[in-house]
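[1] Just the structure for this:
(one chain, ligands or ions: 2)
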Amino acid sequence: MDVFHLVRSLLSGESGASQLEDELKHLEETEVRIALLGRSGTGKSSLMNALVGERVAASGAVETTLSAQEFNVNGLIFVDLPGGGTTRFPFDEYLDTVKVARYDAFVLLTSKRILESDLELFQELKSRTGKKIHIVRTMVDQDLENAHHDGQSAELVLPRLREDLESKFGSLHHCWLVSNRHPEKFDFPAFCDSLLEDFDEARRDKFVFAAQAYTLDQLMRKREVAERHVILFAGLAAVNGFNPIPGADVMADVAILVKMNQWILRCYKLDEEHLKKQLKRAPLTSTQVTLVNRLIAYGTREFIISAIKRQATRMTGKELAKWVPVVGQMASAGLGFALTRWMGQDLVQQCDEATRVLMDRSLTQRKSTGRKSLRD
Ligand SMILES: Nc1nc2c(ncn2[C@@H]2O[C@H](COP(=O)(O)OP(=O)(O)O)[C@@H](O)[C@H]2O)c(=O)[nH]1
Ligand SMILES: [Mg+2]
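    Ligands and ions are numbered 1, 2, ... in the order given. Below you'll find the predicted structure:
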């Protein structure tokens, strides 16, 4: 989608505002459905939690139910399908329940021991879905730790595990060695990239929006998606008459800007709800709390109005002129567009910086646990 082109044609009156609304609505309503399959204890819940960067499912819990459980995190839907291939839950019934066509990705988890039932499930899935099945072997952090204790060279462990996995599932398949405790390491980032490859554009955006960024590449992708959305929101604000002429008493409706800023904060997982959960798990330093609270304020109407007042009086004709090729001669719509975009870009930049600060913190925390691994 060429968002600039879309916004330009809207503001010059070539197409209706509803197109922009439709585009945003489409992105908002898009869902990504990921099926997680595997025996109990293989790390399905932990993988899901690691992908979204929050505790949505209890890990370490005994799987008492054999029915599918759904978890929806900002449109990223995981379907946890426990106990596949056991005698209590035979294949046919299992795969009927799966209703294969509903899923955008299939992930089969295994841990230390690969059982015959894992291979059977893999073959069944492959033949019934005709889709790529991701094989995720979890807990490689423990393998490395064990190797270390046993006096084995850690450098040899990962290639050996990979060979084992690929020889069993076939080397053409997508096998990933991950640790759910270290989603910034091993094959976890590559696994996420590979998931993205199979999605259409709207689903890719949704996945990037809802997943936690652990690496700088992932953070860069988040930024791309966020900036594209900012343009859409800015176009929408402009066509809806957001027109904060400096000095005017009546402030235009800022609902779209509130929505935009809240969207950006959620994209970076810096919204209030997410942070409250985060704080329960690990306390932040007082500097970090100040940083985060300042960002949360961006999602409020009061903050937005005061920021616009300040910026609108500061914006020069030169600044506005930059947007003329985009918005045509419609200066008032141009101002609304430029202001919204300025505000969105500013927040994206701040969220990006804050995430880097918080990333460093979590990396330091993980390292200080004393676990050794190849890439430490
Ligand atoms: N060290 C380590 N532990 C893990 C990993 N993945 C899961 N676990 C632990 O293994 C146990 C079972 O994981 P869980 O996610 O509940 O598996 P599920 O039954 O498939 O949902 C839990 O105690 C997790 O904390 C991993 O990659 N590394
Ligand atoms: Mg579970």
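
[2] ok, then the element right after the helix or strand bottoming out on mean pLDDT in the chain?
    Lowest on mean pLDDT, DSSP states H and E among the helices and strands of the chain sits helix 324-327, with a mean of 50. Downstream of helix 324-327, the next assigned helix or strand under DSSP states H and E is helix 331-367.

[3] for that following helix, the distance to its chain's centre please.
    On the basis of C-alpha atoms, centre = their mean, to the nearest Å, helix 331-367 sits 16 Å off its chain's mean C-alpha point.

[4] Show me which positions of that helix end up buried.
    Residues of helix 331-367 classed as buried: 331, 333-348, 350-352, 354-355, 358-359, 362, 366 (neighbour count, 16 or more other C-beta atoms under 10 Å). C-beta here means a position set from N, CA and C on the backbone, and glycine is covered the same way.

[5] Just the strands from the stretch 1-150 of the chain, written as ranges.
    32-38, 69-73, 76-82, 105-110, 133-137 (DSSP state E, counting those that start in this stretch).

[6] same for the first one, what does it pack against?
    Yep, that's strand 32-38 we're talking about. Under the contact criterion of 3 or more C-beta pairs under 8 Å, 6 or more residues apart in numbering; DSSP states H and E, strand 32-38 touches helix 44-52, strand 76-82, strand 105-110, helix 116-129, helix 201-210.

[7] Direction included, what does it pair up with?
    strand 76-82 (parallel), strand 105-110 (parallel) (DSSP bridges).

[8] Out of these, which one sits most buried?
    Most buried of the strands paired with strand 32-38 by mean neighbour count (mean count of other C-beta atoms under 10 Å) is strand 105-110; its value is a mean of 24.

[9] ok, back up a step: closest one to ligand 2 among the strands paired with strand 32-38?
    strand 76-82 (5.9 Å; C-beta to the ion).

[10] Send me the closest one as PDB with only the CA atoms.
    Extracted as PDB, the C-alpha positions of strand 76-82 are listed here (Å, rounded to 0.1, in the frame of the first residue of the first chain):
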ATOM      1  CA  LEU A  76      -2.500 -12.000  17.300                       C
ATOM      2  CA  ILE A  77      -4.500 -15.100  18.100                       C
ATOM      3  CA  PHE A  78      -2.800 -18.200  19.400                       C
ATOM      4  CA  VAL A  79      -4.600 -21.400  19.500                       C
ATOM      5  CA  ASP A  80      -3.000 -23.800  22.000                       C
ATOM      6  CA  LEU A  81      -3.700 -27.300  21.000                       C
ATOM      7  CA  PRO A  82      -2.400 -29.600  23.700                       C
END
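
[11] What is the burial count for the residue nearest to residue 271 when sequence neighbours are not counted?
    Spatial nearest neighbour of residue 271, chain neighbours left out: residue 265 (4.2 Å); criterion: C-beta to C-beta, 6 or more residues apart in numbering. By other C-beta atoms under 10 Å, the residues close to residue 265 number 22.

[12] Which positions in stretch 167-184 come out as buried?
    169, 173-184.

[13] Now narrow the residues you listed to whatever sits close to ligand 1.
    Among the buried residues of stretch 167-184, the residues lying close to ligand 1 (C-beta under 6 Å from any ligand atom) are 179, 180, 181.

[14] Find me the pLDDT at the residue of the stretch 151-300 of the chain found nearest ligand 1, would you?
    Going by C-beta to the nearest ligand atom, ligand 1 is nearest to residue 180 of the stretch 151-300 of the chain, at 3.6 Å. Note for residue 180: predicted pLDDT of 97.

[15] ok, the nearest residue to it once chain neighbours are set aside to residue 275 distance?
    Among residues not flanking residue 180 along the chain, residue 46 sits closest, at 3.8 Å (C-beta to C-beta, 6+ apart). Distance of residue 46 to residue 275, given as C-beta to C-beta, to the nearest Å: 21 Å.

[16] higher neighbour count, the two?
    More crowded of residue 46 and residue 275, by other C-beta under 10 Å: residue 46, with 23 against 19.

[17] follow-up on the earlier one: residue contacts, the residue nearest to residue 180?
    59, 138, 180, 181 (C-beta atoms under 8 Å, 6 or more residues apart in numbering).

[18] Mind putting the residues you listed into a markdown table with distance to residue 292?
    Listed next are the contacts of residue 46 as a markdown table, based on distance: C-beta to C-beta, whole Å:
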| residue | distance to residue 292 |
| --- | --- |
| 59 | 25 |
| 138 | 31 |
| 180 | 25 |
| 181 | 24 |
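
[19] Next to ligand 2, which bits of the chain? Give me the list.
    Residues of the chain lying near ligand 2 by C-beta under 5 Å from the ion: 44, 45.

[20] Could you break the chain into its assigned domains?
    As recorded under automatic domain parsing, the domains making up the chain are 3-27+213-367, 31-204.

[21] count of residues packed around residue 25?
    11.

[22] for residue 196, same thing?
    So residue 196, with other C-beta under 10 Å, has 16 neighbours.
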